[in-house]
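what's the 3D shape of this:
(chains A, B and C)
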Amino acid sequence: MLTFSEIISTIHEGLTDALPGWLATTIEYVIIGAALLGLYCVLALILILLERKICARFQCRIGPNRVGPWGLLQSVADMVKILLKEIISIKNTDNILFKTALFLAIAGSFCTFGALQFGDGLACIDFNVGVFYILAISSLGVVGILLAGWSSNNKYTLIGAMRSGAQLISYELSAGLSLMTMVILAGSLSISDIIAGQGGMNAEGGYNTWYIFQAPTAIIAFIIYLIAGHAETNRGPFDLPEAESELTAGYHTEYSGIQFGFFYLAEYLNMFIIAGIAATVFLGGWQPLQINAGWASGFNELMGQIPSWIWFMGKTFALVLLSLWVRWTFPRLRIDQLLKLEWKILMPISILNLLIMAVWVII
Amino acid sequence: MKKIKDIVLSVDSSLTIEEQQYPTICVSPNQLRKLAEKLKENGFDVLLNLTGMDYKEYFGVIYHFTSTQDKKAMVVVKVNTPDRENLAIPTVSDLWASANLYEREAYDFFGLQFVNHPDLRRLFLRADWNGFPFRKDYDADPKLNPVPLVNQTADAMEDLPSIRFDKEGKLITEHKALFDKNEYVVNIGPQHPATHGVLHLRVSLDGEIIKKVDPNFGYIHRGIEKMCESKTYPQILQLTERLDYLSGTMNRHAFCLCVEKALGIEVPKRAQVVRVIFDELTRIASHLLGWGCMCMDMGSITAFIYGMRDREKIMDIFEETGGGRLMVGYNVIGGLANEVSPKFVDQVKEFIPYMRKMIKEYHILFTNNPIAKGRMENIGFLTKETAASLGVTGPTGRASGWSCDVRKIEPYAVYDQVDFQEMLRQDGGTFDRYLIRLDEIEQSLRIIEQLIDNLPDGEFKAKTPAIIKLPEGEYYQRVENARGDFGVYINSKGDKNPYRVKFRSPCMTLISALDPLCRNEKIADLIMIGASLDYVIPCADR
Amino acid sequence: MIQYIKDLFSGIWNLLQGMRITMINFIRKPITEQYPENRGVKEYAERFRGELTMPHNANNEHKCTACGICQMNCPNGTIKIVTKQITTEDGKTKKALDKYLYDLGSCTFCGLCTMGCPQKAIVWSNNFEHSVFRRETLVKQLNKEGSKTEEKKPVTTPQQ
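Sure, this is the predicted structure:
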C-alpha cells in the first residue's frame, strides 16, 4: 500500500533531481503551505456546517437544508457572502493595530495547525520540542484578540478582550501542565516520539496502547486538557470574550466582512486544533486502536488496516463532537467563576496529577 | 392597622372619606405631604399606581396605596391643583421609591411639577419635546415637534433637574449631573440582545463592577393611553393586548372586567371558566418564554429553544380556539368572542401531562446545572421592603416574600373557586425568581386541571348594549398578569369613549428595580438580573 | 476537603445529567415545520384570522348591504366602504355597495368587523401569506368586480 511518506519522498526526490537545491526547497515550502492552507479552509467549512447541523439537532431543529443537498453547500454560500461583504472602516480606531490583529489571531492558529500530524508521515513541522512549540505558538492568538479589542475603540470590545486575556492566560497553565504530564510519560517533547510511543510493539513484545490507557493519571490529564483547551478556544460555556447577551459580539464587534471571517475561521480551527492535539497526545494520534493482549492480535491487525489519516480525523472529529455537545448544553460562566474553576479546581488537580505521574513513571 | 378614618382625621379633621370602590380621600397639595407620611407610617407601604389627570379646569393626581400587611386594604388619594397654572405638588418619591418613575411620567405627560423630586427628567419623551401630550389642550401639530434628525446629547440625558421652593416661595430649578465626568459609562441598548426589547440602560462601570444603572425609556412608546381616549371601549380591547404582549389575554381580561363592572354585566359562568383557563395558559406561555430567555441570556441557547418549542403548543391551542396566536383577542366585553373549539378540551388535556414532563427536563437540564446555579445564586437580592417600596409585584415580588397575588387578594372570575397555592419564597435572590416561575407553571397547570374537566354549560357571552357607554365615574380593576399586578383605571364622563385610561404596568416598576439590584454586581449579572425580572418593554413604555 | 470532593463529583454528575437531556432531544424528531414545502399539508386552525374576505356565491353575489358598521367598528380606519345609489325593481333608490376597500397594512386583526357584521358578509380566511412588493397593493377590494348584494329574490335591474 502506498503511504503518504512514500508519495512525499517521491515528490521530494523528483524536485531535488530536477532543480537546484534552494529552488527545490522553496517550491516544497510553497506546496506545503498551499496544501495546509487549503486543508485549513476546507476543514473550517466542514466544521461550520457540522456545528450548525449538530446544534440544530440538539435543539430539535433540522438546521441548514436549503443550499445544496441536505444543506451541504451552506457554508460555501456563507463564505461567498462573507467575501463579498463590504469591509467597514471605522473612525477613531487604531488603524494599523486594527488590521494587524486579525492576522495575528489567524497566524497563531495556522502555525499550530502546521504542527499537527495528520497521518503516518503527514507532518510539516516535527521538532524535537514539538509540544513546547504548540504551547508557545497557540498563545499568539490571544495577542490578536487583545489587540482587536483594544484597537476597536469600543467599550464592549475592550471588556471582551480583557476577559479573553485573563481567560487564556489562566487556562494556558492547566493545558500546559496536563500536556507536561503526558510528556513525562512519553519522555520526549517531540510529537513524533509521543505518537510512536502509542503504537507498534514495545520492547517486551507486547502492543503499545494509547497513553490514556497506559496510566490512570493520563485520564485525569485528558479531561483537564479537554476543559482547558475548550476554554482556550473561547467557545461553549467559556465564551465570555464574545458573550453575545452581554457584549453583543465581544472583541470582534467592530469587524465586518472577511475581517470578521478571519476571527470566525480561527475560532473554528482552534476547536479542531485542540481536539487534534488531544487526539495526538492522549489518543495516539494516527495510531490505530490496539489491545495489549495475546488474544487480540487479530483485532489489532484489523485496526491496523484502516489508513492512519482516518484514525486521526476520526479521533479528532469525535472530540470535536464532544465539544459541540458540551457547548450546546451548558450556560456560560461568569468571569469570577471561570477563574475560580481554573485556579481552585483545575490547577491544583493538574499539579497533583503531574506529581503522581512523575512518581508513576519512576516506579 | 389603624382605620383609614383615624389616619385621615389625624392629618386634618376637615377631610372626608368618600366610599367608592375603594375609600377615596381628596386633599389639597399642601395637605398631601402630611397625609402621605401618615399613610406610610400606618402601614401603607406600597404605592401601587399614580395617575396624572387633566380635568380641563385644573390638573390632578390619583394615588392608589395598598399595604403588604393588610393585603386587601386599598386607599385612593386624589390631589387637585388649584388651576391650570400652579402645578406644584409635593413629591412622595422619598417615601415610596415607585413614585420616582410615576412622577416623572406624570411630569412628562401633564407637566405637573413635583417639588423636591430628585430627578424630574422627562420619562418617555425627549428633553427637547414641546408641550405635554396628555393635556386635553395639547396641540398635536407635527410642526411643533418635527422628527428630530440629531441624536439627543448625553448631557441632555444626564442632566437631572429638580424643582424646589426657594426662601421667597418661588419655584426654582436646580440641575445635577447623573454621572461624574470620569465615570466609565457603557450604553446597553437600545439595540442590545439582552435588554428584551428597546430598553436603553446607561451603566457606570468600575472594571466589571456596576456602580449605577440608569434606565432610559420611551423607545417604543406609542401613547396607548392617549389613543384610548379617542376610541370606543371594544376598540380599546385590542390595544390592551399590545401592552405586555406576553400576557395579552390577562390584560384584555382586566379591561373587560373593568367595563363589565361599570356596566353591571353578569358574565356567564362558562365564559369566566374559559377566561381563567386562557389566563393560566398565557401565564405558562409567558413563564416559558421568561425561562427560555433567562437561559439564553446565560448563554444556553438550547434551553431557549426548548422553552419556545413547548410554548408553541399553547400557541396552537390559542390559534384553534381564539383565532390568534400572540394577540388572541378572545375575551370581549360580556364574555368570549366565540364558543370554544371542539378540540379545545382535548388539546388542553394533552398539554398538561406533556408540560409536567418537560418541566422535569428543565430542572435536570438547567436548575441542577452547577454552572447555572453558580450564576444565579448569591446575586441580585431584593428585600421585601424594597420590593414593596418599588411596587415590584408578581413573581418577582413573591420571590422576595411579599404575598401580592391579586388572584388571592381580590379574586376575579373563578379564582376564588379553584384550589391553588400562591408560591412564595423568602430570599428574593435571582435563583428564587428563576424557581418561582417554574413553580408557578405547575400551579397554573393545577388550576387548568381543575377547570378543564367540568366546563359549565351555558352561554359564552352575556348580552351587551350595541353601543357601550360607561356611566360617569371612575373604575379600577386589578388582575394578576404574568409579570405582576396589572391595573386598569378608567375615568368615564358617560360617553362612548373614556375620558382617561391609565394602565398600571408591572414592568415599569420591574425596570426601576434594576438599579438597586445591580449595584456592586458584575456586568454579566446585570443581564442575569434583568432576565430574572422578566420585564417586557412595551408594557413599561405603553 | 471532603465537601470539596463531594461538590466536585455532584457537579460533574449534574453536568452529565444535563448532557443526557440534550442527547435525548438529539434523538427526538425535529419539530421544524418545513414551510413552504408543507403548503397544503399542514392544517391551520379554522378560526385563524389571516385576512378579511367577503365570500361570494356562484352568482357573484355577496351579502354586504353597505351598512357601514364594520367601518365604524374598526379601530384603525382599515375598512372603507364606498357606496352608490341603485334603483331596485319597484323603482326605489337604494344604497348599495360599490367598493369594499380593506387596507391589510393597517389591520390589527382584532375581529371587531366580523363580530359586528349583522349579515355575516365578511369572514376571516386562513391566508397568511401577505407579503407584497408595494404598500399600495395591500389595499384590497373585497367585493368582486360586478358583484351585487344577495337578496331573497334576485334583483334583475342591470348594474349601473
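
please parse chain A into its domains.
Domain ranges of chain A: A:1-84, A:94-362, per automatic domain parsing.

so which of the ones you listed is the most packed in?
Comparing the domains of chain A by mean neighbour count (mean count of other C-beta atoms under 10 Å in any protein chain shown), domain A:94-362 ranks first with a mean of 20. Glycine gets a C-beta too; all of them are placed from N, C-alpha and C.

grab the most central residue of chain A for me.
A:Ile273 (1.2 Å; C-alpha atoms, centre = their mean).

helix or strand for that residue, which one?
Secondary structure assigned from DSSP states H and E places A:Ile273 in helix A:257-282.

a markdown table for the domains of chain A, including mean pLDDT and distance to B:Gly131?
Below are those laid out as a markdown table (pLDDT from 0 to 100; distance: least, C-beta to C-beta, whole Å):
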| stretch | mean pLDDT | distance to B:Gly131 |
| --- | --- | --- |
| domain A:1-84 | 82 | 48 |
| domain A:94-362 | 80 | 36 |
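
and those domains: which comes nearest B:Met355?
Among the domains of chain A, the nearest to B:Met355 by C-beta to C-beta is domain A:1-84 (15.9 Å).

wait, does the lengthiest helix in chain B contact chain C?
In chain B, with assignment by DSSP state H, the single longest helix is helix B:269-297. No - with C-beta under 8 Å from any C-beta of the partner chain as the criterion, chain C is not reached by helix B:269-297; the gap is at least 11.4 Å.

just to revisit the earlier point, I'd say the residue nearest to the centre of chain A and A:Phe110 touch.
No - judged on C-beta atoms under 8 Å, A:Ile273 makes no contact with A:Phe110 at a distance of 9.5 Å.

surely B:Asp515 touches B:Val213?
Yes - counting by C-beta under 8 Å, B:Val213 is a contact partner of B:Asp515 at 4.5 Å.

list the buried residues in the strand ranked longest in chain C.
For chain C, the longest strand by residue count, based on DSSP state E, is strand C:93-103. Residues of strand C:93-103 classed as buried by neighbour count (16 or more other C-beta atoms under 10 Å in any protein chain shown): C:96-98, C:100-103.

and it, what does it pack against?
Secondary-structure packing of strand C:93-103 (3 or more C-beta pairs under 8 Å, 6 or more residues apart in numbering or on different chains; DSSP states H and E): strand C:79-87, strand C:139-141, strand C:148-149.

give the pairing partners of that strand; include direction for each.
Applying DSSP bridges, strand C:93-103 is found paired with strand C:79-87 (antiparallel), strand C:139-141 (antiparallel).

what's the angle from whichever strand or helix holds B:Gly530 to helix B:269-297?
Using DSSP H and E, B:Gly530 sits within helix B:523-533. Relative orientation of helix B:523-533 and helix B:269-297, computed by axes from the mean of the first three to the mean of the last three C-alpha atoms, to 10 degrees: 170 degrees.

after helix B:523-533, next one along is what?
helix B:537-541.

for that following helix, give the mean pLDDT please.
The average pLDDT within helix B:537-541 is 85.

same check, this time on stretch C:102-113
Average pLDDT, stretch C:102-113: 86.

so which residues make contact with it?
Identification of contacts with stretch C:102-113 by C-beta atoms under 8 Å, 6 or more residues apart in numbering or on different chains yields B:234-235, B:237-238, B:323-324, B:327, B:329, B:337, C:49, C:51-52, C:70, C:73-80, C:122, C:124, C:130, C:135, C:138-142.

and these, which are buried?
Neighbour counting over the contacts of stretch C:102-113 (16+ other C-beta under 10 Å) leaves B:234-235, B:237-238, B:323-324, B:327, B:329, B:337, C:49, C:51-52, C:70, C:73-75, C:78-79, C:122, C:124, C:140, C:142 as the buried ones.

on that earlier part again, does the helix holding B:Gly530 come close to chain A?
Yes - using C-beta under 8 Å from any C-beta, a contact is recorded between helix B:523-533 and chain A, made by B:523-527.

mind putting those residues into JSON lines with neighbour count?
As requested, those are exported to JSON lines (neighbours: other C-beta atoms under 10 Å in any protein chain shown):
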{"residue": "B:Ile523", "neighbour count": "22"}
{"residue": "B:Ala524", "neighbour count": "29"}
{"residue": "B:Asp525", "neighbour count": "24"}
{"residue": "B:Leu526", "neighbour count": "27"}
{"residue": "B:Ile527", "neighbour count": "26"}
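
what sits closest to the residue in the stretch 251-400 of chain B that chain A sits nearest to if chain neighbours are left out?
When distances are taken as C-beta to the nearest C-beta, the stretch 251-400 of chain B reaches nearest to chain A at B:Gly299, 3.0 Å away. Excluding the flanking residues, the one nearest B:Gly299 by C-beta to C-beta, 6 or more residues apart in numbering or on different chains is A:Arg332, at 3.0 Å.

residues contacting the host helix or strand of A:Leu324, please?
Per DSSP H and E, A:Leu324 falls inside helix A:308-327. Helix A:308-327 is touched from outside by A:4, A:47, A:50-51, A:54-55, A:58, A:117-120, A:122, A:226, A:230, A:233, A:235-237, A:271-272, A:274-276, A:278-280, A:283-289, C:19, C:22-23, with contacts defined as C-beta under 8 Å, 6+ apart.

so is the next helix or strand after that helix next to chain B?
Going down the chain from helix A:308-327, the next helix or strand is helix A:335-340, by DSSP H and E. Yes - counting by C-beta under 8 Å from any C-beta, chain B has neighbours in helix A:335-340: A:335-337.

now do stretch C:26-39
Yes - shown here: stretch C:26-39 in contact with chain B (C-beta under 8 Å from any C-beta) through C:Ile31.

pull that stretch out as PDB, backbone CA atoms only.
Output in PDB follows, covering the C-alpha atoms of stretch C:26-39 (Å, rounded to 0.1, in the frame of the first residue of the first chain):
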ATOM      1  CA  PHE C  26     -30.900  15.000  19.800                       C
ATOM      2  CA  ILE C  27     -32.600  11.700  19.100                       C
ATOM      3  CA  ARG C  28     -36.100  13.200  19.200                       C
ATOM      4  CA  LYS C  29     -37.800  14.100  15.900                       C
ATOM      5  CA  PRO C  30     -37.100  17.700  14.900                       C
ATOM      6  CA  ILE C  31     -40.100  20.000  15.300                       C
ATOM      7  CA  THR C  32     -39.300  22.300  12.400                       C
ATOM      8  CA  GLU C  33     -42.100  22.900  10.100                       C
ATOM      9  CA  GLN C  34     -40.800  22.800   6.500                       C
ATOM     10  CA  TYR C  35     -42.500  25.800   5.100                       C
ATOM     11  CA  PRO C  36     -43.200  26.300   2.100                       C
ATOM     12  CA  GLU C  37     -42.900  22.500   1.300                       C
ATOM     13  CA  ASN C  38     -45.700  21.800   3.700                       C
ATOM     14  CA  ARG C  39     -48.200  24.100   2.000                       C
END
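
what lies in contact with it?
The contact list for stretch C:26-39 (C-beta under 8 Å, 6+ apart) reads A:56-58, A:60-62, B:309, B:312, C:42.
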